[in-house]
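S.K.: Build me a structure from this.
(one chain, ligands or ions: 1)
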Amino acid sequence: MNPSSDNRSVSALFRVFGGADARGVADVREISPRAGMHAAEFRAFSILIPLTIFVAIADRLSSSCGAASWLLAVPLGFLALNILPFVFAVASQSVQWLLWSGMCLAWAIFHRHTGGVVGTFSYIWLAGAVMNLAAACILDWQAIMRLAGKSGIIVRLGIFISLHLAAIVLGYKFGWPFTLAAGAGIAALFCRAVLDPSCQWLGPVHRTTDKEKILITLDDGPNPKTTPVLLDLLDSHSTKAIFFMIGEKVRAHPELAREVIRRGHEIGNHTMTHPQAGFWALGPWRTRREIAECQQVIEAATGTRPRWFRAPVGHRNLFTHPIVSELGMFVMAWNRRGFDAVERDPKKVLARISPFLSSGDIVLLHEATPIAAEVLGAVLKKVSLLHDGFNNRGHSRSNYLD
Ligand SMILES: [Zn+2]
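M.R.: Here you go, the predicted structure:
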């Protein structure tokens, strides 16, 4: 029961019991050892899902077509298998398989009291779901135990569970509207904790640097179009920055990461795949993979281990801080940003940053935008002016976080 870090199973079941089997492509029409889904899980799903679809269609047709329904179900099932992948044309093939198994499970729940073949298939899916839930609990427990003692994870989880228990007790005593109201309150607190990049409830977050310094951070690289240009700009202003890089991009362009280090800058960990929409809701297993894999990739490419972590769009989850601290890093956010990742007008971006820049600021900029060079150039000019002011007051010129 030692899940491989390379195990990309869709279900927790195969992460626990699948071992380190080779990975295949999670596609209905193809299997190969390329990166994708766990091969044993693929084989199990590729038998069970088509059979369930076949049984479900035959069962649906049986009232109107009688015995012919089983014959008709063959071509219709084949059509469904080939058409639905296009309907669910999601980027990740694993997500596509998750949707298939989710649909089969939903079907099984509604047909569990039907007898015969339909009932048998329903119970196969329901048993699988129960075992999957147990496996997920085992994995989460393992991950939480690895973090025991780190940044008060047990205390935070204890508070989280106690608040929910209190909401249930409240509903039991005074009626369900009280549980709903308490649940809404817990949800609001939880949203603040995970979605507000500056909130410290889940653990310490660095938002400002030392006085008399301004730190420039550049997220979401490396990028072959912009990284070299930004490096030249930083050199021309004798300024060092922290580049928060995405592991997948470092793997694609390790030479750019090495160049950033060679020129005296620092690289921070910005997760392996930058799952910005759902990072706040990730469990301990996936959170660890996102952060630890990025750390390994950056170290393999540059020979240096990042000491700073920045969460995608600043959102963290219950497990981010303990994992970051276990890997010897600190969480860094920012206190100045111009929304340059979404805004296309550099003037508007600069209007949100430049007038307010002052000593101790951490500025968030992004690498892979068409306006990256223009924005960085203008910010660097402003920083130089401010630093000259600091120098006149007898402080050393540096915008680097020690
Ligand atoms: Zn980012």
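
S.K.: burial count for residue 355?
M.R.: Using other C-beta atoms under 10 Å, residue 355 has 8 other residues around it. (Each C-beta comes from the backbone N, C-alpha and C, glycine too.)

S.K.: and what of residue 293?
M.R.: Residue 293 has 19 nearby residues by other C-beta under 10 Å.

S.K.: How much space separates it from the ion?
M.R.: Per C-beta to the ion, to the nearest Å, residue 293 is found 16 Å from the ion.

S.K.: Please enumerate the helices of the stretch 101-250 of the chain.
M.R.: In the stretch 101-250 of the chain, the segments counted as helices under DSSP state H, counting those that start in this stretch are 116-146, 153-174, 176-195, 227-236, 247-252.

S.K.: any chance of these in JSON lines, plus mean neighbour count and mean pLDDT?
M.R.: Putting the helices of the stretch 101-250 of the chain into JSON lines (neighbours: other C-beta atoms under 10 Å; pLDDT from 0 to 100) gives the following:
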{"stretch": "helix 116-146", "mean neighbour count": "16", "mean pLDDT": "84"}
{"stretch": "helix 153-174", "mean neighbour count": "14", "mean pLDDT": "84"}
{"stretch": "helix 176-195", "mean neighbour count": "14", "mean pLDDT": "90"}
{"stretch": "helix 227-236", "mean neighbour count": "17", "mean pLDDT": "95"}
{"stretch": "helix 247-252", "mean neighbour count": "20", "mean pLDDT": "96"}
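
S.K.: got the ones you listed as TSV, with distance to residue 280 columns?
M.R.: What follows is the helices of the stretch 101-250 of the chain, written out as TSV (distance: least, C-beta to C-beta, whole Å):
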stretch	distance to residue 280
helix 116-146	16
helix 153-174	14
helix 176-195	4
helix 227-236	28
helix 247-252	19
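
S.K.: So for the ion, which of these sits nearest?
M.R.: helix 247-252 (10.7 Å; C-beta to the ion).

S.K.: Show me what that closest one is packed against.
M.R.: Using 3 or more C-beta pairs under 8 Å, 6 or more residues apart in numbering; DSSP states H and E, the elements in contact with helix 247-252 are helix 284-302.

S.K.: Can stretch 264-273 be said to contact the ion?
M.R.: No: contact of stretch 264-273 with the ion (C-beta under 5 Å from the ion) is absent, the minimum separation being 5.6 Å.

S.K.: Which positions in this protein make contact with the ion?
M.R.: 219-220.

S.K.: Which parts of the chain are strands?
M.R.: 23-24, 37-38, 205-206, 215-221, 242-245, 266-269, 308-309, 330-332, 336-337, 362-366 (DSSP state E).

S.K.: Give me the sheet partners of the fifth one and which way each runs.
M.R.: Taking DSSP bridges as the criterion, strand 242-245 sits next to strand 215-221 (parallel), strand 266-269 (parallel) in its sheet.

S.K.: Against the ion, how distant is residue 254?
M.R.: Using C-beta to the ion, we find residue 254 at a distance of 19 Å from the ion.

S.K.: What is the neighbour count of that residue?
M.R.: 16.

S.K.: With residue 302 as the reference, measure out to it.
M.R.: Applying C-beta to C-beta, to the nearest Å, the value for residue 254 to residue 302 is 8 Å.

S.K.: wait, what's in contact with residue 194?
M.R.: Counting by C-beta atoms under 8 Å, 6 or more residues apart in numbering, residue 194 touches 202, 280, 315-318.

S.K.: 10 Å instead?
M.R.: 201-202, 279-281, 311, 314-318, 320 (C-beta atoms under 10 Å, 6 or more residues apart in numbering).

S.K.: distance of it from residue 312?
M.R.: The gap separating residue 194 from residue 312 is 12 Å, by C-beta to C-beta.

S.K.: joint contacts of those two?
M.R.: 279-280.

S.K.: Now residue 60: closest residue in space, sequence neighbours ignored.
M.R.: Leaving aside its chain neighbours, residue 60 sits nearest to residue 69 (7.9 Å; criterion: C-beta to C-beta, 6 or more residues apart in numbering).

S.K.: What's the local residue count around that neighbour?
M.R.: 17.

S.K.: Could you check the pLDDT of it?
M.R.: On pLDDT, residue 69 comes in at 79.

S.K.: Please apply the same query to residue 307.
M.R.: For residue 307, pLDDT reads 95.

S.K.: cool, residue 375 as well?
M.R.: With respect to pLDDT, residue 375 has a value of 92.

S.K.: That one: what's it in contact with?
M.R.: Applying C-beta under 10 Å, 6+ apart, the residues near residue 375 are 230, 338, 340, 343, 346-347, 349-350, 353-354, 363, 365-366, 369.

S.K.: Same list (these) but as a markdown table, adding distance to residue 45.
M.R.: As requested, the contacts of residue 375 are exported to a markdown table (distance: C-beta to C-beta, whole Å):
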| residue | distance to residue 45 |
| --- | --- |
| 230 | 44 |
| 338 | 46 |
| 340 | 42 |
| 343 | 43 |
| 346 | 48 |
| 347 | 52 |
| 349 | 46 |
| 350 | 51 |
| 353 | 49 |
| 354 | 54 |
| 363 | 47 |
| 365 | 43 |
| 366 | 38 |
| 369 | 39 |
